[in-house]
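Trainee: sequence first, predicted model second:
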Amino acid sequence: MLYYEPEFLGSLRQEAYNTYEIAKTEREVAERNRVQKKPFGLFIEEMTLQKTLTDSQVAETAAHII
């Protein structure tokens, strides 16, 4: 069984929390941008917003699990 120093685990938790907060903020921005998008927006812009939203959701979930 591996043993980690409490300081290491604390810094790992802090890093995971920071990653979670960044991903959450990026997801919220992507969601707002997607809602505010004009109806005849470019397909590339829509795909970029969807990718950003998906990437942020994955990062947010992974950081939350850690």
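Mentor: Done, it's in. Numbering: from 1, shown residues only.
Trainee: hey, where'd the helices end up in the chain?
Mentor: 6-36, 43-65 (DSSP state H).
Trainee: can you count the residues close to the residue nearest to residue 49 when sequence neighbours are not counted?
Mentor: In this structure, residue 49 finds its nearest non-sequential neighbour in residue 34, 4.9 Å apart by Cβ to Cβ, 6 or more residues apart in numbering. All C-beta atoms are positioned from the backbone trio N, CA, C, and that covers glycine. Per other Cβ atoms under 10 Å, the neighbour tally for residue 34 reads 15.
Trainee: so residue 34 sits right up against residue 53, yeah?
Mentor: Yes. Contact criterion Cβ atoms under 8 Å: residue 34 and residue 53 qualify, at 6.6 Å.
Trainee: residue nearest the centroid of the protein?
Mentor: residue 23 (2.2 Å; Cα atoms, centre = their mean).
Trainee: pLDDT at that residue, what is it?
Mentor: With respect to pLDDT, residue 23 scores 82.
Trainee: who's in contact with it?
Mentor: 56-60, 63 (Cβ atoms under 8 Å, 6 or more residues apart in numbering).
Trainee: can I get the buried part of those residues as one PyMOL selection?
Mentor: Entered in PyMOL, the line below selects the buried ones among the contacts of residue 23, by 16 or more other Cβ atoms under 10 Å:
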select buried, resi 56+57+59+60+63
